[in-house]
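S.K.: 3D model of this:
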Amino acid sequence: TCGANRSVCYCDRECQRAHYYKGHKEDCEEFLSPPLDVTFVTEPIEGEKYARDPVFAQHHQDGFGCWVSIKTSPHCELQLIANPTRANKDAHPRLPGDPGVTLENLDNCNAHASNLLTLQVLVQNRRKDKKTVLVIGSQSRVVSFGKSTEDVLKGKTIVDGVTTFRLDGQSFATVPVAYDPFDKKPRLLVKNVDGVELKEDTRPPPAVKNAEKGILALRPGQYAILQMQYRVGDGGSIRKDWTALRLVQILTLPVIVPWEGNRSPTAIEADFARDHAKSGAAPLGMRVMFDQDAVQEFFKDGIKGGDEAHIRSHYGEKGVKKYDRETEEAKQKSLDIMKEFRRRGGTLEEALAFQLGAGMTDEALLTLLHWEED
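M.R.: The predicted model follows:
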């Protein structure tokens, strides 16, 4: 029933049985490793120094396991609410004048600030009693340290739903999955179920009970990968993946173990939503603690040496050259966006504020100013 077991090509049953008793049994029962999946690679491969999907948090209980990684970029910038949740090459950031989008809408949610921490969470049912597990992704939370609560609250907007609770005399910030005020749903994706990537506009498999809310019913051996975003940054001093990760101590994920199917998944999700909405409520669900040493180790080159040092150590010299090309392309795209912004009636001051929030480089800003003067 194990997903990792099923992903290995054995020569025969005896070979499979020998592998199981030699080491896989312990690995499986103790959740030492996630199932093998090309979209969740937790060990370095092909001479790489770092894993593509480093595990920053993991936990298991009652036959259910959870591994937490990050969806990052070469420059490690936090994401923007202005960008679509599902990234693709044709995606465009939302601008004033787009259907249902005004400058006020964008300002209310600080939409063009780098402030969204994007986590990839792999979950798997390894129960031996053939019972199903229900996962409620939309009710997941990340929780600050007591000492980082003020930092997490710095970027709070009127739409992000961050709350606080007190424990042992300290206040903690609880950050829900970010709500997209334009798409009107949580910023999460069910990316993969049992090794099959789920594309946009395709019918999800039976394990996905509600794709928009990340509700999954996993039978023994089944696993899934959720991508979820949380408004931890502020677009200023907290705009990098590592600065956001330093502020959070745990991820909580509501899980019903086992789920007997006697209540609908949407009703259960609504129960969690009501409980979370209560004043001063602590987050509910499995608690998965972040390994801050692992975070520091993965990002140490960028922390010490900046973007180029991180890219060189994680992607090599080819990665540096590719990043230089993409930086030039991004600068031009940024200018094109600003020209479109001005064409729609925005002032220069609004354009500058708009693009500063989106992290426009000093060089690009100077180019924009020269363009305005011309």
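S.K.: Check which helix or strand residue 340 maps to.
M.R.: Assigned by DSSP states H and E, residue 340 belongs to helix 307-343.
S.K.: just checking, what packs against that helix?
M.R.: Under the contact criterion of 3 or more CB pairs under 8 Å, 6 or more residues apart in numbering; DSSP states H and E, helix 307-343 touches helix 292-305, helix 348-357, helix 362-373. The C-beta positions use only the backbone N, C-alpha and C, and glycine is treated the same way.
S.K.: average pLDDT for it?
M.R.: Average pLDDT, helix 307-343: 80.
S.K.: which phi and psi does residue 245 have?
M.R.: phi -60, psi -30 (degrees, to the nearest 10).
S.K.: Test for you: state the pLDDT assigned to it.
M.R.: 98.
S.K.: dump the residue contacts of it.
M.R.: 56, 70, 117, 290, 292, 295 (CB atoms under 8 Å, 6 or more residues apart in numbering).
S.K.: Now restrict those residues to buried residues only.
M.R.: Neighbour-count burial (16 or more other CB atoms under 10 Å) applied to the contacts of residue 245 gives 56, 70, 117, 290, 295.
S.K.: I'd like to know how far the closest residue to residue 218 other than its chain neighbours sits from residue 341.
M.R.: If the residues on either side of it in the chain are set aside, residue 218 comes closest to residue 125, at 4.1 Å by CB to CB, 6 or more residues apart in numbering. Separation of residue 125 from residue 341 (CB to CB, to the nearest Å) stands at 48 Å.
S.K.: Check residue 53 too.
M.R.: Counting by CB to CB, the gap from residue 53 to residue 341 is 36 Å.
S.K.: Now do residue 176 against residue 204, distance only.
M.R.: Distance from residue 176 to residue 204, counting by CB to CB: 23 Å.
S.K.: what residues are up against residue 281?
M.R.: 163, 165, 174, 275.
S.K.: Can you tell me the number of residues neighbouring the last one?
M.R.: Other residues near residue 275 number 14, with proximity taken as other CB atoms under 10 Å.
S.K.: Which pLDDT does the model give it?
M.R.: 97.
S.K.: going forward can the numbers begin at 26, since that is how I track them
M.R.: I'll keep to 26 as the first residue from here, and by that count the last item is residue 300.
S.K.: Give the helix, strand or coil label for it.
M.R.: Applying DSSP: H, G, I helix; E, B strand; the rest coil to residue 300 yields a three-state assignment of helix.
S.K.: That one contacts residue 310, doesn't it?
M.R.: No. Residue 300 is beyond contact range of residue 310, at 10.4 Å (criterion: CB atoms under 8 Å).
S.K.: thinking again about what came up before, what residues sit buried inside the helix holding residue 365?
M.R.: Neighbour counts over helix 332-368 (16+ other CB under 10 Å) mark 332-333, 335-340, 344-345, 348, 352, 355-356, 359-360, 362-363, 366-367 as buried.
S.K.: ok, and the closest non-adjacent residue to residue 237?
M.R.: residue 210 (4.9 Å).
S.K.: Dig out what the one you found forms beta bridges with.
M.R.: residue 205 (DSSP bridges).
S.K.: isn't it right next to residue 235, touching?
M.R.: No. When contacts are counted by CB under 8 Å, residue 210 is not listed as touching residue 235 (10.4 Å).
S.K.: Which neighbours do the two have in common?
M.R.: In contact with both residue 210 and residue 235: no residue, using CB under 8 Å, 6+ apart.
S.K.: Who has more neighbours out of those two?
M.R.: The neighbour count for residue 210 versus residue 235, taken as other CB under 10 Å, is higher for residue 235 (18 against 15).
S.K.: Run through the residues that contact residue 315.
M.R.: 81-82, 93, 270, 273-276.
S.K.: right, I mislabeled it, should have said residue 369
M.R.: Contacts of residue 369 (CB under 8 Å, 6+ apart): 120-122.
S.K.: And residue 166, by the same measure?
M.R.: 199-202, 255, 276-277, 301, 308, 310.
S.K.: One more pass at 7 Å, please.
M.R.: By CB atoms under 7 Å, 6 or more residues apart in numbering, the contact set of residue 166 is 199-201, 277, 308.
S.K.: Same check on residue 39?
M.R.: Counted by CB under 7 Å, 6+ apart, residue 39 has zero contacts.
S.K.: Checking my notes, it in a strand, right?
M.R.: No. Membership of residue 39 in a strand is not supported by three-state DSSP, which gives helix.
S.K.: With residue 53 as the reference, measure out to it.
M.R.: 19 Å.
S.K.: Check the residue nearest to residue 78 when sequence neighbours are not counted and give its pLDDT.
M.R.: Among residues not flanking residue 78 along the chain, residue 94 sits closest, at 4.2 Å (CB to CB, 6+ apart). Predicted confidence (pLDDT) for residue 94: 98.
S.K.: Many thanks, we can stop here.
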